[in-house]
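1. Sharing a model prediction with you, sequence too.
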Amino acid sequence: MLSLRNKQRIPKALFLHFSSSDFTPLLRCNHLCNPLFSRASTACPDISLSQNSSKVVNNEISLIKSLIRTCKFLQSLFLFKKFCPSASISSFSADPSAFPFLIRSCASVSHLDFGICLHGYLTKCGFMSCFDISTSLIAMYLKFGNNVGAYQLFEEMPSRDKKFGSGRFFEETLLLFEEMLALDLLPCLEAVRLAVVACGELSRLDKWQWLQSFIIDYGLDRNPLIGNSLISMYIKMERLDLACCTFDAMEERDLVSWNSLITGHAQAKNWADALNVYLTMKDHGNIIHNNVTLLGLVVACSQAGYLEQGRTIHGHCVRAGLLSDFRLGTAILDMYAKCGSIESAEMLFGEGVFEKSLVSWNSLISGYSKTGYNHKAVILFKNISAYSNLKPDSITLANVIPAYSGLGRLEGIRSIHAVILKKGLEMGADVVLGTSLVDAYGKCSDVEAAENLFACIKGADTPTWNSMLTAYYLNDNVHQGMLLFLKMLRSQVLPDTVTVVLLLQMCGQLGSLKQGSMAHGYSLTKGFSSHLKIENAVLDMYMRCSSVEASEQLFRLMNMKNIVTWNTMLSGYVKIASHSTTMILFSQMQLESVCRPDSVTLICLIQSSAALLGGHGAEVAHVFVLKLGFASATMVVNSLMDAYAKSGIIEDASSLFVHMGQTRDQCSWNVMIAACGMNGQGEKACELLKEMNEDGYEPDSVTFTSLLSACSHSGMIEEGCRYFDLMINKYNIHPDLEHWTCIIDMFGRAGRLEEAYQLIKYSLNRNRFGVIPSDSGAIWGAFLEACRMYKNIELGELAGKKLLQLSPQNSGYPILLSDLYASTMRWDEVLKVRQVLNDRRLVKEPGFSSVKT
DNA sequence: GTAGGGTTAG
């Protein structure tokens, strides 16, 4: 493909100069309504529109057109010139659609001067955005053998911006090629090559048929230039086999042939093959690699995630002095960003060895947001205009959107959305950008915005649907998610592995074994089950649907396991409080698996260890954390802090928090506030909120849960109510189940049981905050605990009976209730509840037999 | 013949 960057202007000498009055007649025509011609009014803003009076002219145009159609070119030009006796063609108040015909006439009668004159005029009017005009001019230049002029014009074509125009450019190339043949203009080699390239870009095998016969008829297949472009075309069509055949059959191979093959393998993610071709080329001896060769190899590394090989090539480029090539430099920068070595990418960007293009900025922004440095991504985005002459494009926006959503900055997403609308980028024309926005809205819990946008995206593809499903899944809207999945099955868009993973996640969230088994069945019958990601999602789904046996059986049967597989089981056991199993499985993993523990593994280990052994357990886990090198992993340290706090060792939690420094995140603050809270240091928790604000973090929903819980544990009812009010009225956070549970618990702990009971009734009914799921035992559980503490039989019995109905699986509530009866020595009732408990323990969980493997 | 963007498992 031709480069956009090496674009050169058409020599100025080609243009004739016109005064603005020259445009007036043309601008009077009614075609100004056509958006294609909007540039004309920009070019001559001083011209106002007047009533069109081109009826007569239209007849003349028709005449010109028919003359051209009947090949009476000279006559047509003669007629045209009759309209411009003063040799100023601009007095031709014409329908612009006549221009392509006139240009063709010029080509046919070798009237080059006049053609160039037309070109200059049309450029000045801004009519070159009209496809027919550009292509006719290109055909004309080709006819006169002015290939350079033709290609320069070709590059100027606005629809070459293929990402916004969704590939129109290549269709046009083929049309142009056909046009040339129709005009009996024998295309030069370069034109044939471009047609081959276009076929490849469009993957149009139908067009390829006639192009192939043309090539064979003229014996062009023996030409190395065409041979090389054939190789690229086959690569674009993902037919590496045919590319290799062409390569093998070529009599003469040059560096381009080798480079194409290397690049082809690289793009197909065949890193090893790319390298092999490179080594074979070196064996041939007579061909020396260049920057393009290395570029192919760097791309291979990026795609495959081979950081070390990429680094080697980088070193080679430095030694060979090739890094000044900005394309190579940018590719290496991108390789570092893609392989997660953000420090190297940063360094390369800062060095300034090669000229920084927008792609360099975009790569680094993407690298930052992929590695979680969202803040840096946003800062870099904002710096583009300040530190360069570059303007963000759609790819910049698509790269910075995940950074904003990672920061939870909905207003950032909205402003990007506004920029997109302002730039007039059609969401339908840029599915990737639209998908990125849907995803971002979903992650920032604006499901409605995601839905509206999703509905607007024309040509939504699988990732777009997946993003919408993700939005539902993340925002506890599984019901809508399931409906959307069913809708997807009825649509033209095919589910992929990501879709199936989401489906399984949604089933897990529903906790419905029936739905989950069906989803598992779907993945088996549709051939998705061989993907490790899917298998892991299935394991997790069964764990969440309380079918531990199903998970365990599947886990044993799995041939391939990765760290996520192990973590799924470990965290599954943590969730069902089967902590000793977590520890056993962890040691099993260390013994029999090559998988190295990661942050998630350690978090499971910390939680189970602390749950089993309290403070000592936390210390043991802490040793593991240090030994395995996770001392600065924020999530792991947060978890350790939590474990110490839960074990009552607030000093250790506090010291960890103090030493975290810059690695602290929002979660660290939330954990520390909760840590103070659960250890009766309510006032310290309130102070931390202020410090957190000073550190630039705003309290979120979890922060308030921690604060409310802190107030509850420290008996600070007034402060608790104040925070509850602050949360709702200042931060616009609607109370969720946990907030209600905390505040009810707060009244309960203080012995204000009647008020707590009124709050329960209020929270469970529809109120201005929406509806809390009434089948949740959390609220009643907290209340029962309080009733037990204050020996309030009347309300306690009410809560206990409610819980026996609501949570038949839970054995904790009957125990609480029997404790309540015991504390008031009502032994008959104690026995009754104990009997219920025993009966429940006999009920077996649903088995695995219904699922085929 | 040449660099950049979207969804997903714990």
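-> Thanks, I have the structure now.
2. confidence score at residue A:25?
-> Looking at residue A:25, its pLDDT reads 27.
3. let me fix that: residue A:702
-> 86.
4. can you count the residues close to it?
-> Residue A:702 has 16 neighbouring residues, counting by other C-beta atoms under 10 Å. Backbone N, C-alpha and C define where each C-beta goes, glycine included.
5. my guess is it is in a helix, correct?
-> Yes: per DSSP: H, G, I helix; E, B strand; the rest coil, residue A:702 lies within a helix segment.
6. For it, give me its contacts.
-> Residues near residue A:702 by C-beta atoms under 8 Å, 6 or more residues apart in numbering: A:667, A:670.
7. how near is it to residue A:661?
-> 22 Å (C-beta to C-beta, to the nearest Å).
8. Check residue A:524 too.
-> Counting by C-beta to C-beta, the gap from residue A:524 to residue A:661 is 49 Å.
9. Can you check which helix is longest in chain A?
-> Ranked by residue count and defined by DSSP state H, the top helix of chain A is helix A:599-627.
10. okay, how far is it across stretch A:454-467, tip to tip?
-> Stretch A:454-467 has an end-to-end distance of 9 Å (C-alpha to C-alpha, to the nearest Å).
11. Not counting that stretch itself, show me its contacts.
-> A:427-429, A:431-432, A:434-436, A:438-439, A:442, A:450, A:468, A:484, A:488, A:491, A:493-496, A:498-499, A:502.
12. Buried ones among these?
-> Buried members of the contacts of stretch A:454-467, scored by 16 or more other C-beta atoms under 10 Å, are A:427, A:429, A:431, A:434-436, A:438-439, A:442, A:450, A:468, A:484, A:488, A:493, A:495, A:498-499, A:502.
13. Which ones, among those residues, also lie beside DNA strand B?
-> With the criterion set as C-beta under 7 Å from any atom of the strand, the members of the buried ones among the contacts of stretch A:454-467 near DNA strand B are A:431, A:434, A:435, A:436, A:439, A:498, A:499, A:502.
14. quick one on the thing from earlier: contacts made by the next helix or strand after the longest helix of chain A with the rest, please.
-> Sequence-wise, the next helix or strand downstream of helix A:599-627 (DSSP states H and E) is helix A:634-646. By C-beta under 8 Å, 6+ apart, the surrounding residues in contact with helix A:634-646 are A:599, A:602-603, A:606-607, A:609-610, A:615, A:617-618, A:621-622, A:625, A:630-631, A:650, A:652-653, A:656-657, A:660, A:663-665, A:667-668, A:671-672, A:674-676, A:678-679.
15. Helix A:634-646 close to DNA strand B?
-> No: for a cut-off given as C-beta under 7 Å from any atom of the strand, helix A:634-646 has no contacts with DNA strand B; the smallest distance is 10.6 Å.
16. who in the stretch 701-850 of chain A is up against DNA strand B?
-> Taking C-beta under 7 Å from any atom of the strand, no part of the stretch 701-850 of chain A reaches DNA strand B.
17. What's the nearest residue in the stretch 701-850 of chain A when you look at DNA strand B?
-> residue A:702 (18.2 Å; C-beta to the nearest atom of the strand).
18. The stretch 201-350 of chain A: helices as residue ranges?
-> Along the stretch 201-350 of chain A, counting by DSSP state H, counting those that start in this stretch, helices occupy A:205-217, A:224-236, A:240-249, A:255-267, A:271-284, A:291-304, A:307-320, A:326-338, A:342-351.
19. Show me what secondary structure element comes after the helix or strand hosting residue A:396.
-> When elements are assigned from DSSP H and E, residue A:396 belongs to helix A:394-406. Next along the chain after helix A:394-406, taking DSSP H and E as the criterion, comes helix A:410-423.
20. Pull that next one out as CSV, backbone CA atoms only.
-> What follows is helix A:410-423 as a C-alpha-only set of coordinates in CSV (Å, rounded to 0.1, in the frame of the first residue of the first chain):
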residue,chain,number,x,y,z
LEU,A,410,-17.5,8.8,33.6
GLU,A,411,-17.2,12.6,32.8
GLY,A,412,-14.0,11.8,30.9
ILE,A,413,-15.9,9.2,28.8
ARG,A,414,-18.7,11.6,28.2
SER,A,415,-16.3,14.3,27.0
ILE,A,416,-14.6,11.9,24.6
HIS,A,417,-18.0,10.9,23.4
ALA,A,418,-18.8,14.6,22.8
VAL,A,419,-15.5,15.0,20.9
ILE,A,420,-16.4,12.1,18.7
LEU,A,421,-19.8,13.5,18.0
LYS,A,422,-18.4,17.0,17.4
LYS,A,423,-15.8,15.6,14.9
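21. part of a strand, is residue A:493?
-> No: looking at residue A:493 with three-state DSSP, it is coil, so not inside a strand.
22. ok, now which ones touch it?
-> Taking C-beta under 8 Å, 6+ apart, we find residue A:493 in contact with A:460, A:461, A:462, A:465.
23. Mind doing that once more with 10 Å?
-> Residue A:493 is in contact with A:459, A:460, A:461, A:462, A:463, A:464, A:465, A:466, A:487, A:499, counting by C-beta atoms under 10 Å, 6 or more residues apart in numbering.
24. isn't the last one right next to residue A:486, touching?
-> Same thing as residue A:499. No: if you go by C-beta atoms under 10 Å, residue A:499 and residue A:486 don't touch, sitting 11.9 Å apart.
25. count of neighbours near residue A:571?
-> Residue A:571 has 18 neighbours, counted by other C-beta under 10 Å.
26. pLDDT value on it, please?
-> Confidence score, pLDDT, at residue A:571: 95.
27. ditto for residue A:844
-> 39.
28. likewise residue A:542?
-> Confidence at residue A:542, expressed as pLDDT, is 96.
29. Doesn't it lie inside a helix?
-> Yes: the assignment for residue A:542 is a helix, going by three-state DSSP.
30. I'd say it and residue A:576 touch.
-> No: between residue A:542 and residue A:576 there is no contact under C-beta under 10 Å: 11.7 Å.
31. The two - which one has more neighbours?
-> Legend: neighbour count by other C-beta under 10 Å for residue A:542 and residue A:576, higher for residue A:542 (28 against 13).
32. what's near enough to touch the more buried one?
-> Applying C-beta under 10 Å, 6+ apart, one finds that residue A:542 lies in contact with A:504, A:507-508, A:513, A:516-517, A:520, A:548-555, A:568, A:572, A:848, A:851.
33. Inside strands: which ones of the residues you listed?
-> Using DSSP state E to define strands, no part of these is located there.
34. of those residues, buried ones?
-> Buried among these (16+ other C-beta under 10 Å): A:504, A:507-508, A:513, A:516-517, A:520, A:548, A:550-552, A:554-555, A:568, A:572, A:848, A:851.
35. Take those and keep only those in helices.
-> Of the buried ones among the contacts of residue A:542, the ones assigned to helices by DSSP H are A:504, A:507-508, A:513, A:516-517, A:520, A:548, A:550-552, A:554-555, A:568, A:572.
36. Thanks a lot, see you next time.
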